[in-house]
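Novice: Sequence first, predicted model second:
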Amino acid sequence: MLATPAGRVLVYACGHESSGIPAAWAATDAPGVNLLPDLSAATAARIGDHCNAVHQTGDRLVVSIHWGGNWGHAIPEEHIAFAHRLIDLAGADVVHGHSSHHAKAVEVYRGRLVLYGCGDLINDYEGISGHEAFRGDLSLLYFPRLGPGGELLGMRMTPMRMQRMQLRRASREDARWLLQTLDRESVRFGAGMVLTDDGDLALRWT
């Protein structure tokens, strides 16, 4: 990810109970998960306050949030609204969503990148049956390019396939499957994918 020459990439990591994180795991006086109490405007603004305390000119802010179920492409309206609040109220340049075991829709909101679910890069779920239709064996490497103000200039995604705890470049057929799936899920946000000559996916948006 590109930032300005003098800037840093700040990552604010948090989780939400919709991913299955139990309340008992929340950090209190002892170490634990930075568990969000809700997805309200007040919570987004509070994240902004925390980040503003350390933010310097040229820094880029990534809010990395563990939310949602493991399987399924549906995105709750509450999650969409909160992603927008993180950009509007917390100053996020990228919203990095994860929990789903497969890639989900991509949005560019007010020039900022929202990844609602990045899927797994590698895991030990191989051989577990019941969700083959989601192609959990496929993963993506995400390469966004950000401008000096944090705006998204472009993004390429490299399709990979997980097999026996190893990552290998996905076939062109698998890349086309990912393109069709992400196109279908991202169209509601005015975004889609293009398959490049070298087998990567390139994000397009309106």
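Specialist: Yes, it's here.
Novice: all contacts plus neighbour counts: C-alpha atoms, from now on.
Specialist: Noted.
Novice: could you pull out the helices for this protein?
Specialist: Ranges of helices within the chain are 41-52, 77-88, 172-186, based on DSSP state H.
Novice: would CSV of these with distance to T158 be doable?
Specialist: Formatted as CSV, the helices of the chain follow (distance: least, CA to CA, whole Å):
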stretch, distance to T158
helix 41-52, 30
helix 77-88, 24
helix 172-186, 9
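Novice: what's the closest of these to C14?
Specialist: Smallest distance to C14 across those (CA to CA): 9.7 Å, for helix 41-52.
Novice: now that closest one, how far from the centre of its chain.
Specialist: Averaged C-alpha coordinates place helix 41-52 at 19 Å from its chain's average position (CA atoms, centre = their mean, to the nearest Å).
Novice: mean confidence score for it?
Specialist: Mean pLDDT, helix 41-52: 97.
Novice: Show me which positions of it end up buried.
Specialist: The neighbour-count check on helix 41-52 (16 or more other CA atoms under 10 Å) flags 41, 43-45, 47-48, 51 as buried.
Novice: still on that earlier bit, looking at the helices of the chain, which is nearest to E151?
Specialist: Between E151 and those, the tightest spacing by CA to CA is seen for helix 77-88, at 11.1 Å.
Novice: Can you tell me what sits against the closest one?
Specialist: Residues from elsewhere that reach helix 77-88 (CA atoms under 8 Å, 6 or more residues apart in numbering): 39-41, 44-45, 47-48, 63, 92-95, 109, 112, 114.
Novice: same thing with stretch 40-51?
Specialist: 12, 36-37, 61, 82, 85-86, 89-91.
Novice: picking that back up, nearest to I21, out of the contacts of helix 77-88: which one, please.
Specialist: Nearest to I21 among the contacts of helix 77-88: L39, at 14.6 Å, using CA to CA.
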